[in-house]
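Asks: here is my input, please return the structure:
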Amino acid sequence: MRRYDQNSVKRRRPPPGPVGEGTVVPLRPGEGRPEPPAELSQREAELWREIVSSRPPNHFGRETFPLLRAYCTTAMLVEDQAAEVRALKGAGKAVKRASDEHRRTVSALGALATKLRLVARRPTRVEESADRATPRRRLWSA
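Replies: Numbers count the residues shown, from 1 in each chain. Presented below is the predicted three-dimensional model:
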């Protein structure tokens, strides 16, 4: 029979007691549908709720909240910039500057949407070339 000294024996944790004050209850990541943060405007909070309700309940975890917050803020900024570009008349420097800024913001919005998995992503070139290199079964040679 093998003998163990006290330092080599792992001590067992006591069984968990009832959930009460001071007890941390671990939640599954992304459990439920998160409510919008208080610092968002009403329009941004409405967009947050629309996006969250359009995905499965466990789609958004806490780690995605900053990206989702940035997405909602950027989406409202894109709408405001589009209205500003439409309001400007002519082809002056102000219109060009506003439309360039709008274009950059739309690009950032697209990147956030991809990171949040809100839109389908296009296959990369590596995936496309691997797909082309896969031999196809031809029915006439089977």
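Asks: give me the element the spatially closest residue to Ala45 that is not a sequence neighbour is part of.
Replies: Excluding the flanking residues, the one nearest Ala45 by C-beta to C-beta, 6 or more residues apart in numbering is Pro36, at 4.0 Å. For glycine as for every other residue, the C-beta is placed from the backbone atoms N, C-alpha and C. Of the helices and strands defined by DSSP states H and E, none includes Pro36.
Asks: I figured Pro36 hits Glu50, correct?
Replies: No: look at Pro36 against Glu50 with C-beta atoms under 8 Å: they stay out of range, at 10.4 Å.
Asks: give me the common contacts of those two.
Replies: Between them, Pro36 and Glu50 share no contacting residue under C-beta atoms under 8 Å, 6 or more residues apart in numbering.
Asks: where does the chain dip in pLDDT?
Replies: 1-31, 121, 123-142 (pLDDT under 70).
Asks: so how far is Ala70 from Val85?
Replies: In this structure, Val85 and Ala70 are separated by 22 Å, where distance is defined by C-beta to C-beta, to the nearest Å.
Asks: rewinding a little: need the contact list for the residue nearest to Ala45.
Replies: Pro36 makes contact with Glu44, Ala45, Trp48, Arg49, Cys72, according to C-beta under 8 Å, 6+ apart.
Asks: Val85 and Ala70: who's more crowded?
Replies: Taking Val85 and Ala70 together and counting by other C-beta atoms under 10 Å, Val85 has the greater number of neighbours (18 against 15).
Asks: my guess is the more buried one meets Asp100, correct?
Replies: No: with contact defined as C-beta under 8 Å, Val85 and Asp100 do not form a contacting pair (9.9 Å).
Asks: wait, Gly32 sits on Pro56?
Replies: No: assessed by C-beta under 8 Å, Gly32 is found out of contact with Pro56, at 11.0 Å.
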